[in-house]
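1. Provided below for reference: sequence and predicted model.
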Amino acid sequence: MAQDQLEGAAQQVAGKVQDAVGALTGDAGLQGEGKLRQAAGNLQQSYGQTVDNVRLAVANQPIQGVLIAAAVGFVLGALWNRDR
């Protein structure tokens, strides 16, 4: 499991606790922060999963990985030079 996935899961748990404490104390600000923290943790966890999936796909099919990287580089280069 990637570091991002672990950190994302920890953020989700911390956000749930923060949300619950905010709900118990009637602190809407704390509750909102908890919900935002949960969402950020979910995004970070999804990012980590995506990175793992890409890493696994490139490891299993390295030629396709090189071709995709070259295509992305070409598109970024074309966009970069278009503005100049």
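-> Looks like it arrived, so ask away. Computed from a predicted structure; not experimentally measured.
2. got the phi/psi numbers for the spatially most central residue of the chain?
-> By C-alpha atoms, centre = their mean, the chain has its centre lying nearest to Y47, at 2.7 Å. Per-residue torsions, Y47: phi -60, psi -50 (degrees, to the nearest 10).
3. That one and I68, how far apart?
-> In this view, Y47 and I68 are 18 Å apart by C-beta to C-beta, to the nearest Å. (Glycine included, C-beta is placed from N, CA and C.)
4. Name the next helix or strand downstream of the one helix or strand A57 maps to, please.
-> Using DSSP states H and E, A57 sits within helix 28-60. The element immediately downstream of helix 28-60 (helix or strand, assigned by DSSP H and E) is helix 62-82.
5. Q18 touches R37, doesn't it?
-> Yes. Assessed by C-beta atoms under 8 Å, Q18 is found in contact with R37 at 6.0 Å.
6. Contacts made by stretch 2-14 with the rest, please.
-> Taking C-beta atoms under 8 Å, 6 or more residues apart in numbering as the criterion, the residues outside stretch 2-14 that touch it are 37-38, 40-49, 51-52.
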